[in-house]
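1. no FASTA, just this:
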Ligand code: HEM
């Protein structure tokens, strides 16, 4: 929490509030996240008589099991309860009554088969920061229209044209790390940010001052993501909201300049959003561009960070990845153009399996949130209207029924396709990740140059996971990286 927020809270009846400070913080977060669900709970209680609620504990009044969630780590919290109550259980966290589901069938029910009954839900402060018209918060026709536009820009046919631009970003990122100890996660965030901007605005815009200005504003915005939503001058939240306004203006300026130039042939996301037939307003475009940056950056950076950790810890796997990547270089010996191509990225099956296994083991998005829009019965249990429903991706990925010896890092398990609905690193159903092809491509391109030209060693002594909010190796995985002597 920033200083000013703290002062504001302490100034009002000092002694009492001081004692209740952690509780107060929680209340503020909750009141923004869950105002509607409480109203609805009463209405749905009559229907609750029809079918029982799933097993589980609702914890203490109001705070529920929130303290248990934070005093443990989320992984143990959910795993313990699954062991105790089975694959569908209730709890009460962050002020919201919740149903957790951890079987592939239940996740499919919530995300795919009955997706219309479970709407996406986020804290109101997140919605204000990203923009209320961003795709994450939508359902129905407007959501379908946004998805069409996003998929048009990120489907394989569009993504294949981005290989050269991404390769350029990967090569320059790696050479800037050469000879240094770096915080892997922070550096991967910069790389993933650049790739996202390239695919949104195209390569011509990348070197412009306005993109630099956009980056600086975005850095200010993200500092407030997890702050208390107190919009008073001096607070982090206020600074973030100001940066958010500026970002809207920057996107509006880029839109005007694109309209002046009449660059309608472009295959980037901006061009897709600007398609006159789809008639998005400038505000809708800005909300979704900021939303895509938010969705694309920390996720991809976290997965890349885990890959570097797992490869460093498994020299045999690193050797196999390096050999596969060297094979691609060898095939280009004597050729004039040695640039990586889309076809090359299709000849990296082992590296792909390492990425898949990393996404399974690390499960950086441990779960997602939905809210029941009406009372729903599932396997004889009631999911009441207004309750949050959390499909637990991590539990599904770490269940021995779905993946044998689940704690072992073993890419070979992906030589056969996983059982249906057991592997969901990119989600599933109507809100599944539209950026998955781009994410895979940028990881493959970076790994190609990393493994063939560089070596790295872990320089932190700390092991373990931190959540920020995605699961990450502790301290962002400090590594020392240097160029191989024989690399050309
Ligand atoms: C390895 C990296 C990534 C992972 C693990 C990931 C994971 C996910 C997941 C699990 C969801 C579904 C969330 C839910 O159902 O509530 C999602 C949605 C989304 N992702 Fe990704 N993502 C990644 C990279 C990207 C990239 C690179 C982009 C854009 C270029 C992107 C854009 C989006 C968008 C816009 C949504 C919302 C879709 C909707 O609501 O319809 N993601 N992502």
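-> Great, that's in hand. The structure displayed is predicted, hence computed values, not measured ones.
2. What's the local residue count around residue 417?
-> Residue 417 has 8 neighbours, counted by other CB atoms under 10 Å. All C-beta spots, glycine's among them, are computed from the backbone N, C-alpha and C.
3. Residue 283 now?
-> A total of 14 residues lie near residue 283 under the criterion other CB under 10 Å.
4. For it, what are phi and psi?
-> Here is the backbone geometry of residue 283 (degrees, to the nearest 10): phi -70, psi -40.
5. List the contacts of the residue nearest to it when sequence neighbours are not counted.
-> The shortest distance from residue 283 to any non-neighbouring residue, by CB to CB, 6 or more residues apart in numbering, is to residue 133 (6.4 Å). Residues near residue 133 by CB atoms under 8 Å, 6 or more residues apart in numbering: 142, 283-284, 287-288.
6. Can you tell me which residues in the stretch 201-350 of the chain are near the ligand?
-> Counting by CB under 6 Å from any ligand atom, the residues of the stretch 201-350 of the chain close to the ligand are 292, 295-296, 299-300, 303.
7. at 8 Å instead, please
-> Applying CB under 8 Å from any ligand atom, one finds that the stretch 201-350 of the chain approaches the ligand through 269, 288, 291-292, 295-297, 299-300, 302-303.
8. and of the contacts of residue 133, the nearest to the ligand?
-> The nearest member of those to the ligand, counting by CB to the nearest ligand atom, is residue 288 at 7.7 Å.
9. So what's the residue count around the closest one?
-> Residue 288, neighbours per other CB under 10 Å, totals 26.
10. and for stretch 282-296, what are the contacting residues?
-> For stretch 282-296, contacts defined as CB under 8 Å, 6+ apart pick out 130-136, 146, 150, 192-193, 195-197, 200, 218, 221-222, 244, 247-248, 251-252, 255, 269-270, 273-274, 280, 433, 435, 438-439.
11. Need the pLDDT of the residue in the stretch 351-488 of the chain positioned nearest to the ligand.
-> Relative to the ligand, the nearest point of the stretch 351-488 of the chain is residue 435 (2.1 Å; CB to the nearest ligand atom). Looking at residue 435, its pLDDT stands at 97.
12. Number of residues surrounding it?
-> 23.
13. Go ahead and confirm residue 436 touches residue 426.
-> Yes. With contact defined as CB atoms under 8 Å, residue 436 counts as touching residue 426 (4.3 Å).
14. More neighbours: which of those two?
-> Higher neighbour count among residue 436 and residue 426: residue 426, with 17 against 14, using other CB under 10 Å.
15. quick one: low-confidence parts of the stretch 251-400 of the chain?
-> Scanning the stretch 251-400 of the chain for pLDDT under 70 picks out 263-265.
16. Assign the closest residue to residue 304 other than its chain neighbours to helix, strand or coil.
-> Spatial nearest neighbour of residue 304, chain neighbours left out: residue 188 (4.4 Å); criterion: CB to CB, 6+ apart. At residue 188 the chain is in helix, as set by DSSP: H, G, I helix; E, B strand; the rest coil.
17. burial count for residue 188?
-> 27.
18. Over to residue 266?
-> 18.
19. So it is in contact with residue 200, correct?
-> No. Counting by CB under 8 Å, residue 266 does not reach residue 200; the two are 10.6 Å apart.
20. How about residue 465, nearest residue that isn't a chain neighbour?
-> Per CB to CB, 6+ apart, closest to residue 465 is residue 471, 5.4 Å.
21. since we're on that neighbour, how many residues are nearby?
-> Look at residue 471: counted by other CB under 10 Å, it has 21 neighbours.
22. And for the one 3 residues further on?
-> Taking other CB under 10 Å as the criterion, the count of residues near residue 474 is 13.
23. quick one: residue 189 and the ligand, what's the gap?
-> Noted for residue 189: a distance of 12 Å to the ligand, by CB to the nearest ligand atom, to the nearest Å.
24. What residue, apart from its backbone neighbours, is nearest that residue spatially?
-> What sits nearest to residue 189 in space, not counting adjacent residues and going by CB to CB, 6+ apart, is residue 301, at 4.3 Å.
25. Quick one: residues contacting residue 320.
-> residue 350 are the contacts of residue 320 under CB under 8 Å, 6+ apart.
26. contacting residues for the most centrally placed residue in the chain?
-> Centroid check for the chain by CA atoms, centre = their mean gives residue 299 as the closest residue, at 3.9 Å. Taking CB under 8 Å, 6+ apart, we find residue 299 in contact with 192, 364-365, 439, 470.
27. Out of the residues you listed, grab the one that's most surrounded.
-> Highest neighbour count within the contacts of residue 299: residue 192, with 27 neighbours (other CB under 10 Å).
28. Remind me which helix or strand it belongs to.
-> helix 184-201 (DSSP states H and E).
29. which outside residues touch the helix or strand harbouring residue 216?
-> Using DSSP H and E, residue 216 falls within helix 209-223. By CB under 8 Å, 6+ apart, the residues outside helix 209-223 that reach it are 129, 193, 197, 201, 205, 236, 239-240, 242-244, 246-247, 250-251, 253-254, 290, 293-294.
30. buried sites along it?
-> Neighbour-count burial for helix 209-223 flags 211, 214, 217-218, 220-222 (criterion: 16 or more other CB atoms under 10 Å).
31. can you map out the helices along the stretch 201-350 of the chain?
-> 203-206, 209-223, 236-261, 269-274, 282-313, 315-331, 342-345, 349-362 (DSSP state H, counting those that start in this stretch).
32. out of those helices, nearest to residue 84?
-> For residue 84, the closest of those is helix 349-362, at 23.6 Å, according to CB to CB.
33. May I see the buried residues of the closest one?
-> In helix 349-362, counting by 16+ other CB under 10 Å, buried: 350-362.
34. Out of those residues, flag the one nearest to residue 335.
-> residue 351 (21.2 Å).
35. my guess is that closest one contacts residue 325, does it?
-> Yes. Between residue 351 and residue 325 there is a contact at 6.8 Å, judged by CB under 8 Å.
36. Pull up the overlap in contacts between these two.
-> Between them, residue 351 and residue 325 share the contacting residues 447-448, judged by CB under 8 Å, 6+ apart.
37. ok, so what distance separates the closest residue to residue 221 other than its chain neighbours from the ligand?
-> Leaving aside its chain neighbours, residue 221 sits nearest to residue 243 (4.3 Å; criterion: CB to CB, 6+ apart). Residue 243 sits 20 Å away from the ligand when distances are taken as CB to the nearest ligand atom.
38. hmm, back to that, which residues touch the residue nearest to residue 465?
-> Shown in contact with residue 471 (CB under 8 Å, 6+ apart): 75, 302, 362-364, 366, 394, 465.
39. So which of those residues wins on neighbours?
-> Neighbour counts for the contacts of residue 471 peak at residue 302, which has 27 neighbours (criterion: other CB under 10 Å).
40. For stretch 258-272, which residues meet the burial criterion?
-> 258, 263, 266, 268-272.
41. Repeat that for stretch 423-443.
-> Residues 423-431, 433-435, 437-443 are the ones in stretch 423-443 that count as buried (16+ other CB under 10 Å).
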